[in-house]
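1. here is my input; please provide its structure:
(one chain, ligands or ions: 1)
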Amino acid sequence: LKDNKFSLIVIEISKGRRMQTLERISESIVSGESEAAASLVRQALNEGIASFEILNRGLVSGMTVVSEKFKNNEMFIPEVLVSARAMKAGMEILRPLLAEAEIEPRGKVVIGTIQGDLHDIGKNIVAMLLEGAGFEVVDLGADVPVEKFINSAREEKADIVGMSALLTTTMINMKAVIKGLQGPAKVMIGGAPVTQDFADQIGANGYAPNASEAIDLAVRLMKKQSE
Ligand code: B1M
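-> Numbers count the residues shown, from 1 in each chain. Below you'll find the predicted structure:
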């Protein structure tokens, strides 16, 4: 009984330490400390925290705070950019680990942020998780011209074309890509202003409100592909 109690205490302490590390990762994103973000991600991995959990409960949770602060005028563009850089520093360490999770490609996704739009944090997360879920991902980057999406989908023989938009003024460019696409590729879209209604309106095959649902959606679209 004594031994059991001791084990429980040890488990609780280590849980507490893990939470602390995740919170510190989140804080390093908010304060925009790239080096701290990278070294805390390494520390979290050494503590045995799963890469998926570090991404969601550390990095993404920090960026969510940044989004809120930006919305409430508590943070401004230069600070947001510094936070975005810290997020990238942390993500660089996780990327190979998330990609290692599966071996056989489940399908090929050509992904990017639509023309006129420089926001790439959410798109990068979706791309990384897709890789982690076993998809082969061709990332076209941000501000991707309509023609480039269309040509790359054909050249890469993409199973899925994924588009992200964060601006109400750019999301409409997704419609032009869908119109120009020929072939069997399915289209999935996402980004803060995008909705299921909008996806239906422009004829996309699916919409996901966040990165984990984007992975489920991609898996579903691959099933439809083979039907
Ligand atoms: Co800009 N920005 N920004 N910004 N920025 C927003 C989007 C805004 C809502 C802020 C606000 O006013 N409240 C607003 C848009 C308003 C609108 O259109 N209605 C805005 C504006 C106006 C602008 C500028 C015009 C500002 C200016 O210059 N005056 C300018 C535009 C530049 C351009 O693109 N041409 C601009 C610039 C910037 C920065 C460069 C400073 C920086 C981007 C840095 C970068 O990405 N490298 C930035 C940021 C960081 C933001 C906010 C604060 C945060 C966005 C973010 O990274 N969120 C944002 C406020 C907000 O969204 N509340 C804002 C975290 C990220 C994890 O979430 O991207 O939503 P998100 O991705 C999620 C889901 O949406 C989903 O999964 C992701 C993970 O769960 N998802 C997909 C995303 N893509 C998907 C694709 C899928 C499926 C799911 O399938 C393919």
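
2. give me the element the most centrally placed residue in the chain is part of.
-> Among the residues of the chain, the one closest to the centroid is residue 125, at 1.6 Å (Cα atoms, centre = their mean). Residue 125 belongs to helix 121-132 when assigned by DSSP states H and E.

3. next one: residue 21
-> Using DSSP H and E, residue 21 falls in helix 2-30.

4. got it, and residue 91?
-> Taking DSSP H and E as the definition, one finds residue 91 inside helix 77-100.

5. show me what that helix packs onto, helices and strands only.
-> Applying 3 or more Cβ pairs under 8 Å, 6 or more residues apart in numbering; DSSP states H and E, we find helix 77-100 packed against helix 2-30, helix 34-46, helix 51-53, helix 61-71, helix 121-132. (Glycine included, C-beta is placed from N, CA and C.)

6. would you mind listing the outside residues contacting stretch 192-200?
-> Stretch 192-200 has contacts (Cβ atoms under 8 Å, 6 or more residues apart in numbering) with 122, 165, 166, 167, 168, 171, 189, 206, 207.

7. swap in 7 Å and give it another go.
-> With contact meaning Cβ atoms under 7 Å, 6 or more residues apart in numbering, stretch 192-200 is reached by 165, 166, 167, 168, 171, 189, 206, 207.

8. which ones, among those residues, also lie beside the ligand?
-> Filtering the contacts of stretch 192-200 for proximity to the ligand (criterion: Cβ under 6 Å from any ligand atom) leaves 166, 167, 168, 189.

9. which members of those residues occur in strands, if any?
-> Among these, the ones falling in strands (DSSP state E) are residue 189.

10. of the ones next to the ligand among the contacts of stretch 192-200 - the most surrounded one?
-> Among these, residue 189 has the most neighbours (other Cβ atoms under 10 Å), with 27 neighbours.

11. residue contacts, that residue?
-> Residue 189 is in contact with 163, 174, 199, 204, 207, counting by Cβ under 7 Å, 6+ apart.

12. that older thread, could you export the helices and strands packed on helix 77-100 as JSON lines, including mean pLDDT and distance to the ligand?
-> Formatted as JSON lines, these follow (pLDDT from 0 to 100; distance: least, Cβ to the nearest ligand atom, whole Å):
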{"stretch": "helix 2-30", "mean pLDDT": "78", "distance to the ligand": "10"}
{"stretch": "helix 34-46", "mean pLDDT": "96", "distance to the ligand": "13"}
{"stretch": "helix 51-53", "mean pLDDT": "87", "distance to the ligand": "13"}
{"stretch": "helix 61-71", "mean pLDDT": "82", "distance to the ligand": "4"}
{"stretch": "helix 121-132", "mean pLDDT": "80", "distance to the ligand": "2"}
